[in-house]
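In: just coords:
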């Protein structure tokens, strides 16, 4: 690990100010990705702003028809939350399947979506539920938040405060884990809002989470596993690597969509 | 610039002045000489470095020591009773031959105790899934699962 | 056999070593810190194949904390040798294999990604690592060769000038003419072409070493995570550093798993031992996992074509095998013997196949050296034999168990056509036991039930044999071995009758401190608690060849038995004196020396006391003391064998394979500690299932880059990847060692891969799938289904 300056602000405002003026500064949430990258010398921030001392960032609150989850809420807490399990069980299921036990005890919602790893689980949940990302400056819709490979709409110095997840009528998440890393080789999150609107978010397939128009169309017409399974996802929308070809990933998108719908229907 | 760190390790208050790039596992092994916590990889997967941070199993190789500011840390050295009697999970690992070379064992035991804390009566499937953050290359996991079952009080 | 005392032979006392491992009190190499120690960090080649034009260490040398920097040029100037290979293979033309130099630090050319180019020694590890980044190397990147199947073709990049077409040797074994003749008259020929996937051992403890030099004694001490410290010392002193052995003490303390990968003499510990004198400071080196992936010797990596000739009734007539074996960029310590001596000699399996011929090409590539990994040649041989047999049965419509029974060797001793003589065995017994435990009769119903859930069930068999306790030394020597294959043991009886045993075997998980204590306690009739076992220190153990090839109990245990025989023989003389009887009238039973046919006796402890307080003692004809050493060189291999039956469920939609039932019935001869034996089988099975379903070292064949260079890309078996196992043992005692033991450490890894693969093929046969590659990852199984449907 390269040397860096360490800061531990006590408030979000202070953290944002620090990050705003530090050139190569980075926010440290749970550190499950950032510390690992720094250890391997793949990341070299000049400064690390540790958000761990900011109590206001963690917690889960019901807000009308939404659940608001603080950016520093650990995956394990989301997975175990009675509120989340009751109102958006698919999200609890998703959080309970991230990484492993130890990663879930340290990793955070904000850290995950700010990193926007193309094989991460949370981006699928945020996009699939059409959540809003509340930052130190504004509120961003999920559709505008994720910008492709490890990129988001966050500006320098802008920090995630919380994510507001609208409670859907039903939702489901199905993940096909990479046998080695247990990241999503393919993960599909489907939701149907009270209004009937269907959203389908796919992670692991390409250079970042995306919505599948084909699947949304099919499931809007018929919210059934068979309807999802019948959609042939073009391989062109998927990446290939040593773990899976684009064709296999495309195939898995249909299969996982089918299983996600089945889960949503209980 | 070094950072003043104060935390509790195995029930004892610890104060130190650390380079912020010190990993928690390095702090435990190199500064406190608690070498029971091991390092088996550098990508946060193998789980040999698992400890309890505020009662939860975490990978101490994937956290900076400064992230444990004010926290309570328990390592394998702090699991047994002060008189040396093994924790029931340690005893179950011995009874069930849930270890061979012993290198993954401290981390595995720390994860297993956390697992039972969350789910005191797990099924075999839940135990296997619940140990997904720990590699063992020796036992084929068979006797580790048995040890956790034994500790949970039923086979 | 059978326990005469509590915790004796056949009992399962809980392990003596567990207290320290479970409480964080283990003493692994990286736990050792020596006053004043420095830290080493190696600069490794990022290129698979590159000429080194220039190395500029100036900036690095000026970096904070740097104590010294060494490159290949420094070692050449100091006349430090290269790493030796311990086995000379002679090719089909009677020529010795090509042995290119294996420098500790690259000499002008790097030959694989991870090849050591320079070492920095600094006050802290971070400083050493920072300085490594400041070393500037001017590389001339060359084309690389990484694929074993094509590396010997003309026109490929050449790894070593002295090995044209990257060929180390072409080695033949067996009667080619007889095989050709048998094939010509065969009713059926089954052909198989496959890759035995390349594996990375990944003991959870990374390699580590701490080297010290004492000026006052002109002597070195090396702590190293290693399976055979005496071999390490012998190779390092005699072949590389030119040091006298008595000036080098090698200690392998608690070692966190080996699986073969810690047998070998590696560059890193050798460099820091040499450098410890140069810098006159202790030096510590601990491998990072990312470095392990590109510096620990890998395993397997064969490309094979195999054929089996059968008569119309499914009797095996002959087998023909052609294998290209990847040796990597250099010859690691036992690399040359693994795909030859330890492979082709096992191709008879459990069967009476009368004629077998194997031709093996040892191939250099720009990859990490390949050497022994759990099973070492025998898993590769078993895969050839058992997949051929399973495929032949399927093609000929013969039941999987039946085709095996028709060909089983039934009379022993049995001389195979590939050079081994099996002393004993009962293959029907393990097959019958496995069949019963696996409930093969109920399989059709389970298959139907699974089908209703959309899953495809299959069952696969593997009846393996292995040869353990490689021996005897003289025959191995004639076959090219450059080391002895004996073992040493010392039994030190203390004045009060407790015993310390010093063994040349090394335990890195196998539980020798427990098993060996059981043997000694049983034989001397003393409490298990009165025996401690010491291993892993050339300063304390007379000699040793270490632990590999499931040899510890059959060879190391026998050496201890021989030392016990000497203790008892001397004890009888002492007892005869104490009891005023003739030596020849004394018998030793249950811990007492008795005058045969009388009630006169003295306890073992009294005899021990007399030996050390020799007041009433035959000093005129007997030395005092009771401390005996024995060396044992076996007369033959041991031949553990067994039958494994694997049941899988495949999800045809995703290609996911789940092992739902795994039965292993093994014959390891007599068993000292059943609990430990079962544990060894479990671990081997997980590694074998790992090879079959998950693990694969992937190289980019164009660039020679290791693509699966971390646990994020190399799939290690986790708890939820394997089932609980059903393990059984059948016993035919080994006929040529006094314990009647055969060895159990590798069986699981040897027997399981073909059982798993055959089970998957059985599950998918109705879809038209005839082969699936290893590892059978979900992606590749799905591909196999797609191709069969196309």
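Out: Perfect, I can see it now. Treat the numbers as computed from the prediction; the structure is a model and nothing was measured. Numbering: from 1, shown residues only, chains lettered A, B, ... in the order given.
In: hey, let's count contacts and neighbours off CA atoms from now on
Out: Noted.
In: report the buried residues of stretch C:621-641.
Out: C:624-634, C:636-641 (16 or more other CA atoms under 10 Å in any protein chain shown).
In: which of the residues you listed fall within strands?
Out: Among the buried residues of stretch C:621-641, the residues falling in strands (DSSP state E) are C:627-632, C:641.
In: quick one: which helix or strand includes the residue of the stretch 351-500 of chain C found nearest chain B?
Out: Nearest residue of the stretch 351-500 of chain C to chain B, counting by CA to the nearest CA: residue C:374, 11.1 Å away. Using DSSP states H and E, residue C:374 sits within no helix or strand.
In: I'd say it and residue C:751 touch.
Out: No - Residue C:374 is beyond contact range of residue C:751, at 11.5 Å (criterion: CA atoms under 8 Å).
In: quick revisit: let's have the ones in strands among the buried residues of stretch C:621-641 in a markdown table, adding pLDDT and distance to chain B.
Out: Formatted as a markdown table, those follow (pLDDT from 0 to 100; distance: CA to the nearest CA, whole Å):
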| residue | pLDDT | distance to chain B |
| --- | --- | --- |
| C:627 | 98 | 30 |
| C:628 | 98 | 29 |
| C:629 | 98 | 27 |
| C:630 | 97 | 27 |
| C:631 | 97 | 27 |
| C:632 | 95 | 26 |
| C:641 | 98 | 20 |
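In: quick one: which two of the residues you listed are the most distant?
Out: Using CA to CA, those reach their maximum pairwise distance at C:627 and C:641, which is 36.6 Å.
In: pLDDT of stretch C:716-727, averaged?
Out: For stretch C:716-727, the mean pLDDT works out to 98.
In: give me the contacts around it.
Out: Contact with stretch C:716-727 is made by A:180, B:125, B:128-129, B:131-132, B:134-136, B:140-142, C:437, C:658-666, C:678, C:681-682, C:686-687, C:689-690, C:694-695, as judged by CA atoms under 8 Å, 6 or more residues apart in numbering or on different chains.
In: can you give me the buried ones in that stretch?
Out: Buried-residue list, stretch C:716-727, by 16+ other CA under 10 Å: C:716-727.
In: and if you look at stretch C:107-120?
Out: Residues C:107-120 are the ones in stretch C:107-120 that count as buried (16+ other CA under 10 Å).
In: now flag whichever of those is closest to residue C:246.
Out: residue C:119 (26.9 Å).
In: contacting residues around that closest one?
Out: Residues in contact with residue C:119 (CA under 8 Å, 6+ apart) are C:40-43, C:69-71, C:132.
In: will you turn the ones in strands among the buried residues of stretch C:621-641 into TSV that also has distance to chain A?
Out: Compiled in TSV, those are given as follows (distance: CA to the nearest CA, whole Å):
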residue	distance to chain A
C:627	51
C:628	51
C:629	48
C:630	47
C:631	45
C:632	44
C:641	31
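In: kindly present these as TSV, with separate columns for distance to residue A:71.
Out: Below are these laid out as TSV (distance: CA to CA, whole Å):
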residue	distance to residue A:71
C:627	68
C:628	69
C:629	67
C:630	67
C:631	66
C:632	66
C:641	57
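In: so what's residue A:125 closest to, chain neighbours aside?
Out: residue A:189 (6.0 Å; CA to CA, 6 or more residues apart in numbering or on different chains).
In: now do residue B:140
Out: Among residues not flanking residue B:140 along the chain, residue C:683 sits closest, at 4.1 Å (CA to CA, 6+ apart).
In: quick check: the one you found is in a helix.
Out: Yes - counting by DSSP: H, G, I helix; E, B strand; the rest coil, one finds residue C:683 located in a helix.
In: just checking, it touches residue B:101?
Out: No - counting by CA under 8 Å, residue C:683 stays clear of residue B:101, with 11.2 Å between them.
In: what sits in contact with each of the two?
Out: Shared contacts of residue C:683 and residue B:101 (CA under 8 Å, 6+ apart): residue B:138.
In: in chain B, what residue comes closest to chain A?
Out: Closest point on chain B to chain A, by CA to the nearest CA, is residue B:58, at 4.2 Å.
In: report the secondary structure state of that residue.
Out: Secondary structure assignment for residue B:58 (three-state DSSP): strand.
In: ok, how many other residues are close to it?
Out: Each residue near residue B:58 was counted by other CA atoms under 10 Å in any protein chain shown, and the total is 28.
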